[in-house]
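Student: Sequence plus predicted model, see below.
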Number of protein chains: 2
Amino acid sequence: MNETGVPPSPRTRVRRIAENADYASSTVQNIVDAAYLCQIAFHDGENTHCIPTACWRDGEYLYVHGSNGGRLTRQLLSPRDVCVNITHLDGLVLARSAFNHSMNYRSVVIYGRFELVSDEAEKRRLMDVFMHKIAPGREHEARPGNAKEFAATSIMRIPLAEAAAKVRSGGVQDDEDDMAWPAWAGVLPMTVQALPPEVDAQNAVPTPAYVHEWGAQ
Amino acid sequence: MNETGVPPSPRTRVRRIAENADYASSTVQNIVDAAYLCQIAFHDGENTHCIPTACWRDGEYLYVHGSNGGRLTRQLLSPRDVCVNITHLDGLVLARSAFNHSMNYRSVVIYGRFELVSDEAEKRRLMDVFMHKIAPGREHEARPGNAKEFAATSIMRIPLAEAAAKVRSGGVQDDEDDMAWPAWAGVLPMTVQALPPEVDAQNAVPTPAYVHEWGAQ
């Protein structure tokens, strides 16, 4: 990753609508940090798969976790090159011509290989980072993983070194000839909205700050 | 697809948390219809890619479109087996134990091959279906694609025959031993929320119903 506008590799060079490409590490990190999920594509020698899974970032790596015996864990650690995508849809762009309709989005593609995190202390630290992303402060409240649970869980990381962002934002881009066409023109924006928290029927604990804040978003 | 609970193929049999699997065509269709974007994974013989693109459903097929010369179009029509994923995140499930944290989601995986739609009348009908999904009624308002624009656009479809849904919903599932642990338990739900429409500065057309309704959601 870099701030120079130069793709880190031939695989990450954006071909289609290349002016929407962004190779800056800060752009990549912001898009990753806005995601709870990513899609991982891998080829197992016979079939290609596209599997969604929870993810989080720490420094220059994207992290995922899985059950030791799970198919995704085994496949990611084969090891083999994979491709990870994260995409946020921000709006529908309604141009006067059908052809110029578009979408506003923020997307990241990451190429590379996952590697296992085996250090026990590092595994605990990383799961705390993940919990903090889910609900800041909760890493001090939830019942921590015990030795058996950590032993059953694989944490894997892929570097963000070979990554590219592609972003479209802003308004309608109609051709000059279409400007008089009588169709409404503009953007229908959207966002991910927090809904009121649903407390467990047997909860006996006062509402923590991150739950209050979730409802207030 | 079926309503019998039987996976349509070995590729679509859900392995991990198999009780969340759903092979019913109605479940698959509902999840597809809630999406504007899908992720397509394909292997080009050297690398595996994961590319987001707009999508829509008509009958028993998922449709995407692209520029004739685009890499995605060429790769999908090679032809080769691909995997498509659509995932909607519905909530963060905060259990009392870190290990039992989860997410609520609706996800579909589709295996198969894309094929080109070459019939001109069918291409026009399908783009109207897509436009109707984006904004109902707008297929009669936007300036229709001309011969040159349609000639530059490839519409491709993949059958939903080899598809599986995986869904988690509902509340926290803690182990009995953890029920007294003093951590808040519940779900932080989320949804995709329409934001107020952003009208183009040069728009001269009255606000159509689908724009009013977007803002009112």
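Tutor: Nice, I can see it. Residues are numbered from 1 along each chain as shown, chains lettered A, B, ... in the order given.
Student: got the CA positions of stretch A:45-52 in PDB?
Tutor: Output of stretch A:45-52 as PDB, limited to C-alpha atoms (Å, rounded to 0.1, in the frame of the first residue of the first chain):
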ATOM      1  CA  GLY A  45      -8.000 -27.100  -7.100                       C
ATOM      2  CA  GLU A  46     -11.400 -28.100  -8.400                       C
ATOM      3  CA  ASN A  47     -14.000 -25.400  -7.500                       C
ATOM      4  CA  THR A  48     -13.900 -21.700  -6.800                       C
ATOM      5  CA  HIS A  49     -15.700 -20.600  -3.600                       C
ATOM      6  CA  CYS A  50     -16.800 -17.200  -2.300                       C
ATOM      7  CA  ILE A  51     -17.400 -17.400   1.500                       C
ATOM      8  CA  PRO A  52     -18.400 -14.500   3.700                       C
END
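Student: and that stretch, how far from the chain's centre?
Tutor: Stretch A:45-52 has its C-alpha centroid displaced from the chain centroid by 18 Å (C-alpha atoms, centre = their mean, to the nearest Å).
Student: With stretch A:24-36 instead?
Tutor: Counting by C-alpha atoms, centre = their mean, stretch A:24-36 is centred 7 Å from the centre of its parent chain.
Student: tell me which residues in it are buried?
Tutor: A:25, A:27-29, A:31-32, A:35-36 (16 or more other C-beta atoms under 10 Å in any protein chain shown). For glycine as for every other residue, the C-beta is placed from the backbone atoms N, C-alpha and C.
Student: If A:Ala24 is in a bridge, with which residues?
Tutor: According to DSSP bridges, A:Asn2 are recorded as the beta-bridge partners of A:Ala24.
Student: C-terminal to the helix or strand hosting A:Val84, what's the next element?
Tutor: In this structure, A:Val84 is located in strand A:81-94 according to DSSP states H and E. Once the chain leaves strand A:81-94, the next helix or strand it forms, by DSSP H and E, is strand A:102-113.
Student: what's the average pLDDT for that following strand?
Tutor: Confidence for strand A:102-113, expressed as mean pLDDT, is 98.
Student: so what secondary structure elements neighbour that strand?
Tutor: Counting contacts by 3 or more C-beta pairs under 8 Å, 6 or more residues apart in numbering or on different chains; DSSP states H and E, strand A:102-113 packs against helix A:25-33, strand A:81-94, strand A:153-159, strand A:163-168, strand B:48-54.
Student: starting at the chain centroid, how far to it?
Tutor: For strand A:102-113, the distance between its averaged C-alpha position and the chain's averaged C-alpha position is 9 Å (C-alpha atoms, centre = their mean).
Student: Need the CA coordinates for it. CSV is fine.
Tutor: Only the C-alpha atoms of strand A:102-113 are listed here, as CSV (Å, rounded to 0.1, in the frame of the first residue of the first chain):
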residue,chain,number,x,y,z
SER,A,102,-24.5,3.9,-11.6
MET,A,103,-24.0,3.2,-7.9
ASN,A,104,-21.9,4.9,-5.3
TYR,A,105,-19.8,2.5,-3.4
ARG,A,106,-16.5,1.9,-1.5
SER,A,107,-14.8,-1.3,-2.3
VAL,A,108,-11.5,-3.0,-1.4
VAL,A,109,-9.8,-6.0,-3.1
ILE,A,110,-7.0,-7.7,-1.3
TYR,A,111,-4.7,-10.4,-2.8
GLY,A,112,-2.4,-12.6,-0.9
ARG,A,113,-2.2,-15.5,1.5
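Student: What strands flank it, and is each parallel or antiparallel?
Tutor: Partner strands and pairing direction for strand A:102-113 (DSSP bridges) are strand A:81-94 (antiparallel), strand A:163-168 (antiparallel).
Student: Would you mark the buried spots in that strand?
Tutor: If you call a residue buried by 16+ other C-beta under 10 Å, then strand A:102-113 has these buried ones: A:102-113.
Student: same question, stretch A:131-148
Tutor: When burial is assessed from 16+ other C-beta under 10 Å, stretch A:131-148 yields the following buried residues: A:131, A:133-135, A:138-139, A:141-145.
Student: Filtering those by proximity to chain B, which remain?
Tutor: The subset of these within reach of chain B, counting by C-beta under 8 Å from any C-beta of the partner chain, consists of A:131, A:134-135, A:138-139, A:141-145.
Student: Touching the longest helix seen in chain A from outside, list them.
Tutor: Scanning chain A for the longest helix, with DSSP state H as the assignment, gives helix A:120-134. Judged by C-beta atoms under 8 Å, 6 or more residues apart in numbering or on different chains, the contacts made with helix A:120-134 from elsewhere in the structure are A:33, A:36, A:54, A:56, A:58, A:63, A:65, A:117, A:138-139, A:142, A:144-145, A:150, A:153, A:155, B:92, B:94, B:98, B:101.
Student: Tell me the helices and strands packed up against the helix or strand that that helix is followed by.
Tutor: Past helix A:120-134, further along toward the C-terminus, the next helix or strand under DSSP H and E is helix A:147-151. Applying 3+ C-beta pairs under 8 Å, 6+ apart, we find helix A:147-151 packed against helix A:120-134.
Student: and the helix it packs on, average pLDDT?
Tutor: The predicted model assigns helix A:120-134 a mean pLDDT of 98.
Student: orientation of it relative to strand A:48-54 in degrees?
Tutor: Taking axes from the mean of the first three to the mean of the last three C-alpha atoms, to 10 degrees, helix A:120-134 and strand A:48-54 form an angle of 80 degrees between their directions.
Student: If we go by neighbour counts, what in helix A:120-134 is buried?
Tutor: Using 16+ other C-beta under 10 Å, the residues of helix A:120-134 that count as buried are A:123-124, A:126-128, A:130-131, A:133-134.
Student: Which of those sits closest to B:Thr73?
Tutor: Relative to B:Thr73, the closest of these is A:Lys133; by C-beta to C-beta it sits at 36.3 Å.
Student: which helices and strands does the worst-scoring helix or strand of chain A on mean pLDDT pack with?
Tutor: In chain A, the helix or strand scored least confidently by mean pLDDT, DSSP states H and E is strand A:21-22, which has a mean of 86. For strand A:21-22, the contact count by 3+ C-beta pairs under 8 Å, 6+ apart identifies strand A:163-168 as packing neighbours.
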